[in-house]
Structures are given as structure tokens and as C-alpha cells.
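**Student:** give the three-dimensional model of this entry:
(chains A and B)
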Amino acid sequence: MDALYREYILDHYKSPRNFGELEPRDVEFRDRNPLCGDELGVHIRLEGDRVADLRFHGEGCAISQATASIISEELKGKTVAEIAELDRNFVTDEIGLELSPTRLKCGLLSLKVVQGALLGTEEWPGGTPDTDPRPEEVARLRNEI
Amino acid sequence: MSATAAPRATLPRPVEEVRADFPLLASRVNGKPLVYLDSGSTSQKPASVIEAIDSYYRHSNANIHRAVYELGEQSTALYEGAKQKVADFIGGRFEETIFTRNVTEAINLVRYTWGRQNVSRGDAVLITQMEHHSNIVPWQLLCQEQGATLEYLTVDDDGKLDLDELDAKLGEGRVKLVAITHVSNVLGTINPVKEIARRAHAAGATVLIDGAQAAPQLPLDVAEIGADFYGFTGHKVLGPTGIGVLWGRRELLEEMPPFLGGGDMIKTVELDHSTWNELPWKFEAGTSSIADGVGLGAAIDYLSGLGMDAVRSHEQDLTSYLLERLGDVDGVRIYGPSSAGERGGLVSFTMEGIHPHDIAEICNREAVCIRAGHHCAQPLMRRLGVPATARASLHVYNTRDDVDRLIDALARAKSVFGV
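**Tutor:** Down below sits the predicted model:
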């Protein structure tokens, strides 16, 4: 129908990679999307300062679940410092599409919980608009979609 | 329930004509005619409301009260005339009808005034699991502040309250306030507020009703319901945003301290104290949303012109149709009472294998506006065991064709997701 629900996204939604629990693990974190209350958690095992393995768990919409699945492979092997630098562009590049202002948090929740687990941060990844996006943000995304 | 026994009034004009009164409903989205099924969030506005606001600013704008010149008298008459229309619409008296910003402010007004004066350590405030956050959070804050406890009536699997549980809670003798929604914004349940008010009063409790979802679609008579406070918001009753209503019983309003201090709410101001204006102005500090009040008056005129019995009948018929069509879609689960007679004009549902956000997103591609999420009712979502639902909500301008378009969009969602 359109880019948002193309086969690539739906495949990751229906068969998410790296989902479940991870034993043993070094750090974990859970958070929710304020838009809908969906919860997503992550378990991470470290080797030195690198992510050796990770698992997501929770439920959510196609965008939040597919994004978690898609970025999970990319995050393995990255250092904590590298992951700290990741922002909204990392996610939208990985999934290959821009998200509307209201769906951005669906897409960024997985990166948020990973950064929360590794860095103890409560903030959303860089480039996340407020829940109420600014007018220029809305206009920009409307043009891109 | 009185709603089921109501006479079957019909709209004085065909619904297509009613629909044509709402300019926005002629819009197209993605090349398709707009289907608006989110009136539970906010209603669309008839041209008469838009024109009343426009005309106010073009021809009547001046600050209300105390203006000696004619323009000011005209704006005062329009604004207070609108308040009188609202009072008549709900069966209340003018001096008991306070304009607020919305129902949230109406509830918070009661929290800060009556609540602080009457709820103290050891007391309880009783609400229900089906409340909107606006009728939960103010009471959480009040109870924390006063050392009182907040208690909840449970919701059964059919989306209803159990009045025996109400009696049991009241019987403990600690409940000072029962604050309850008239119509649930998620389940659609019409609560038996008259009976609840009767039982609460017998136990010495005060009663506040959140009428946000009821005022747009049910004939209302606050005197008959017998509650102490009744709040609703203008933008859901075809009026503008920025204007809401708190109706309260005069004896209570007179005893209550003011809410916001400032201009208009005073009688005299000395250096170290002030005295308060008459009702309802004692609770209307500062310059009000005058044009929005006038717009709300126009909305009340519009609804009264159709007749609220007819509005209710139309929405009940359409809700029956919506329940029937949704019930025929494989994998759909509907929440709330099964009979349209026990419901307001909204239906929450989930679909097997498709998250509510994705349902709403695909509906949007088909130019069908529905809401998905927790609907500002997270405790109820936890009770239902779902993170979110999709919700289609109706108003007097909706047609069977709108429902058919929703069902087509759901079929599209199923095909996209392969379920």
C-alpha cells in the first residue's frame, strides 16, 4: 500500500529478530511509549564495552516492533560510546523511511530503551520531537512522506 | 435505563442535510471523501457556530461586564445569553452555571474549592476504573494533599459497574465524594448516574458527574439526575475549544471559597482582603473566552434545533449498525456493553494480529479518522488487559455510509497484514 507497511517492515513485525529474554545478561531497561502505553524492554550482554548480544521484549505496533527487530542486528558489536551517539537518523536510515510526527516515538522507543540500559539515560534519542511536534517539524515531515 | 425507554424521536431533516451544515466534512483526504469517526475526542462544528464566532469578533467585540458603552452591553448580553442557553439545555439555573476552560478545569475547580474544604485525613474519594484521566488525577492530587484515600469501583466484563459494590464502599462511612463519568469514553457504557447519586446522597456523600461524553448525545436534566456537580466541555458538543461548563448546586457553590482570584470575581477589594462576586461570576476570574462562550451558545441552539431526543435516537441507531458491522469482521473484539441502548455513540475494539495504531494508520490512508491508544484511561486499559484499543465515535452528522467506509478500511488493514 505504501512505504510504511511494505513487506520489509511487516516481515520484521511478524517474525521479529532478537526477541525474548537473554540469560545471562548485564543490563536491562524497560520503558513505554507515552502515545499508546506500549511497553518495550531490552536485555543486553556486554563483552568489555561492546554489545555482545541483546533481546527485546514487549508488545507494540508494527512500527515499534519492526524497528526493534531491524536495529537489533546493527547494535550488536557496537561500543557503548558508539550507541550513545546514535540518534533519530540512525533509526530512520535503518528502516528506510521517515515517520510522521505522531509515529516517531513508536520508531524510537527501541533505541531509547537500549540507551537507557547502557547509559542510564531517561531522555529520548537525539532528534526526537516533543510529543507535540513543532509546526516546522510537522510541515517538513508532511512534505517527506 | 431511561435512555433505552426514550421515545424514538427522529431528526427533523435528513442526515445528509445535517452533515452538509458542517463545512469540514466536505473535505477530501488522499483524494477520498473524509469520514470523521473521532467525535469522542472533539466534534466538528456547524457553520452556524463558526459564523457566530466570526460575527462576534467582526461586530460585537468588547470586554464584558461594566462597559457603559453599547458595544460592551451587546457583548455582555451575547456571552451571558449563551450561558443562559447552556443552563436551559442542561436543566440548571443561570447562577449555578459556570463557564470554565473545559471539563478538566471544571473538575479541578471542585478539587481546589469544595475538595480542600470538605475532604480531610481519613476520608475517601470514590471513583471508578472507567474514568478518564481528567477524573482521576485531580482526585489523586487532592487525596495526597489531604491525607485521604482514593478508591475505585471495579468494571465488570460487560463494561458495567456493580451497584452492590457501590453500597459496600459507601457503607464503610468514609466516602465524602463520588466522582463518576456519565458515559465512558472507552466502553461507551451509560452509567446509572441518577441511581448512583441517590445512593451516594443517602450515605452523606457529594456527587460529581463527568459529562464530557454524555452532554453531546443524551438529553440532560441535571436536576433530575440529582448530582451536586456536573461538568462538560464545549468542543465535544459542536462548540469551540476553550470553553467548558461546571454546573453546581447553589447551596454548595455559595459555601465554596473562590477558585482563581482576580478581576470579575470580586465585589470589593480592600488592601488586605476582598469580598466575592455573586454566582456564577465568583468562579469566573479574569476576562473569559467570550467569543468561545458565544460559539457554545450557537452550538446549543443548533443541537436544540435538532432536538436531543432525536440526536440520541440517531446515534443509538448508528451505534447498533456499527456494532453489527464490526461484529461481522473476523478477529474483531468489541469492548463494553453489547446493547446499543446501554451505550453512547462510540465503540472501542481490537483486531487479532494488528495493533490499534496500525489500524488507525491504515484507516487514515482510506481517509477514515479513528483514534487509537489508551484514550486517557490507562487504569481501564490495564483492567481490560490491553495496551491500547481502536475507537470509532459518532455524532449526529455521521451516516451508515461512514460506518461502511470504516469496515472497508478494516478489510484493507487485514489484507495489508495478511490476517
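**Student:** lowest average confidence, helix or strand, in chain A?
**Tutor:** Counting by mean pLDDT, DSSP states H and E, chain A has its least confident helix or strand at helix A:135-144, which shows a mean of 56.
**Student:** which SS class is the spatially most central residue of chain A?
**Tutor:** In chain A, the centroid-proximal residue (Cα atoms, centre = their mean) is residue A:110; its distance is 2.7 Å. State at residue A:110, reduced to three classes by DSSP: H, G, I helix; E, B strand; the rest coil: helix.
**Student:** quick check, the residue in chain A closest to chain B?
**Tutor:** residue A:61 (3.8 Å; Cβ to the nearest Cβ). (Glycine included, C-beta is placed from N, CA and C.)
**Student:** could you check how far that residue is from residue A:10?
**Tutor:** 12 Å (Cβ to Cβ, to the nearest Å).
**Student:** name the residue in these two with the higher neighbour count.
**Tutor:** More neighbours surround residue A:61 than the other of residue A:61 and residue A:10, with 28 against 17 (other Cβ atoms under 10 Å in any protein chain shown).
**Student:** got the contact list for the more buried one?
**Tutor:** Residues in contact with residue A:61, defined by Cβ atoms under 8 Å, 6 or more residues apart in numbering or on different chains, are A:36, A:38, A:106, B:355-358.
**Student:** find the closest residue to chain A in the stretch 151-300 of chain B.
**Tutor:** The nearest approach of the stretch 151-300 of chain B to chain A comes at residue B:186, 12.5 Å away (Cβ to the nearest Cβ).
**Student:** I'd say that residue and residue B:335 touch.
**Tutor:** Yes: the pair residue B:186 and residue B:335 passes the contact test of Cβ atoms under 8 Å, sitting 6.8 Å apart.
**Student:** report the set of residues contacting both of those two.
**Tutor:** B:348, B:384, B:389.
**Student:** now rank those residues by neighbours and give me the top one.
**Tutor:** That'd be residue B:348 among the shared contacts of residue B:186 and residue B:335, by other Cβ under 10 Å, with 30 neighbours.
**Student:** can you confirm that one is in a strand?
**Tutor:** Yes: assessed by three-state DSSP, residue B:348 belongs to a strand.
**Student:** kindly provide the distance from it to chain A.
**Tutor:** 13 Å (Cβ to the nearest Cβ, to the nearest Å).
**Student:** strands of the stretch 201-350 of chain B, start to end?
**Tutor:** B:206-210, B:229-233, B:244-248, B:266-269, B:274-276, B:332-335, B:346-351 (DSSP state E, counting those that start in this stretch).
**Student:** immediately after the helix or strand of chain B with the lowest mean pLDDT, which helix or strand?
**Tutor:** Taking mean pLDDT, DSSP H and E as the measure, chain B has helix B:2-5 as its least confident helix or strand, at a mean of 48. Next along the chain after helix B:2-5, taking DSSP states H and E as the criterion, comes helix B:15-20.
**Student:** need the shared contacts of residue B:186 and residue B:335 in JSON lines (columns: pLDDT).
**Tutor:** Output for the shared contacts of residue B:186 and residue B:335, formatted as JSON lines (pLDDT from 0 to 100):
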{"residue": "B:348", "pLDDT": "98"}
{"residue": "B:384", "pLDDT": "92"}
{"residue": "B:389", "pLDDT": "95"}
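**Student:** OK, contacts around residue B:243?
**Tutor:** Residue B:243 neighbours (Cβ under 8 Å, 6+ apart): B:99-102, B:233-235, B:289, B:292-293, B:295-296.
**Student:** which ones among these lie within helices?
**Tutor:** Mapping those onto helices (DSSP state H) picks out B:292-293, B:295-296.
**Student:** so where is chain B shaky, pLDDT-wise?
**Tutor:** Low-confidence segments of chain B (pLDDT under 70): B:1-7.
**Student:** cutoff 80 now
**Tutor:** B:1-8 (pLDDT under 80).
**Student:** mark out where each domain of it begins and ends.
**Tutor:** B:2-46+B:308-417, B:50-304 (automatic domain parsing).
**Student:** closest to residue A:91 out of these?
**Tutor:** Comparing the domains of chain B against residue A:91 with Cβ to Cβ, the closest turns out to be domain B:2-46+B:308-417 (16.7 Å).
**Student:** quick check, distance from that closest one to the centre of its chain.
**Tutor:** Counting by Cα atoms, centre = their mean, to the nearest Å, domain B:2-46+B:308-417 is centred 16 Å from the centre of its parent chain.
**Student:** next, give phi and psi for the spatially most central residue of chain B.
**Tutor:** Centroid check for chain B by Cα atoms, centre = their mean gives residue B:212 as the closest residue, at 0.8 Å. The phi/psi pair for residue B:212 (degrees, to the nearest 10) reads phi -50, psi -40.
**Student:** that one contacts residue B:230, correct?
**Tutor:** No: look at residue B:212 against residue B:230 with Cβ under 8 Å: they stay out of range, at 10.6 Å.
**Student:** quick one: the strands in chain A, in order.
**Tutor:** A:27-32, A:39-47, A:50-58 (DSSP state E).
**Student:** and of those strands, who's closest to residue B:245?
**Tutor:** strand A:27-32 (33.6 Å).
**Student:** and chain B, which residues reach chain A?
**Tutor:** B:354-358, B:361-362, B:365, B:372-374, B:378, B:381, B:387-388, B:412, B:416-418 (Cβ under 8 Å from any Cβ of the partner chain).
**Student:** with adjacent residues omitted, what lies nearest to the residue in the stretch 1-150 of chain B positioned nearest to chain A?
**Tutor:** Chain A sits closest to residue B:30 of the stretch 1-150 of chain B, with a gap of 10.0 Å, by Cβ to the nearest Cβ. Nearest residue to residue B:30, sequence neighbours excluded (Cβ to Cβ, 6 or more residues apart in numbering or on different chains): residue B:367, at 5.7 Å.
**Student:** give the burial count for the one you found, as a bare number.
**Tutor:** For residue B:367, using other Cβ under 10 Å, the count is 18.
**Student:** my read: it touches residue B:37, true?
**Tutor:** No: contact between residue B:367 and residue B:37 fails when scored by Cβ under 8 Å: they sit 10.9 Å apart.
**Student:** so how far is residue B:107 from residue B:199?
**Tutor:** Distance of residue B:199 to residue B:107, computed by Cβ to Cβ: 21 Å.
**Student:** of the two, who's got more company?
**Tutor:** Neighbours per residue (other Cβ under 10 Å) separate residue B:199 from residue B:107, with residue B:107 holding more: 27 against 17.
**Student:** the more buried one: which element?
**Tutor:** helix B:103-110.
**Student:** residues in contact with residue B:390?
**Tutor:** B:348-351, B:356, B:359-360, B:370-372.
**Student:** just flag the most distant two among those residues.
**Tutor:** So, the contacts of residue B:390 by Cβ to Cβ: farthest apart are B:351 and B:371, at 14.7 Å.
**Student:** burial check on residue B:228, number of neighbours?
**Tutor:** For residue B:228, using other Cβ under 10 Å, the count is 23.
**Student:** contacts only, for it.
**Tutor:** Here residue B:228 is in contact with B:197, B:206-208, B:248-249, B:252 (Cβ under 8 Å, 6+ apart).
**Student:** ok, 10 Å please
**Tutor:** Contacts for residue B:228 (Cβ atoms under 10 Å, 6 or more residues apart in numbering or on different chains) come out as B:110, B:114, B:177-178, B:197, B:200-201, B:205-209, B:222, B:247-249, B:251-253.
**Student:** distance of it relative to residue B:386?
**Tutor:** Relative to residue B:386, and taking Cβ to Cβ, residue B:228 is found at 34 Å.
**Student:** go on, residue B:74?
**Tutor:** 52 Å.
**Student:** excluding residues flanking it in the chain, which one is nearest residue B:170?
**Tutor:** Residue B:170's closest residue in space is residue B:203 (Cβ to Cβ, 6+ apart), at 3.7 Å.
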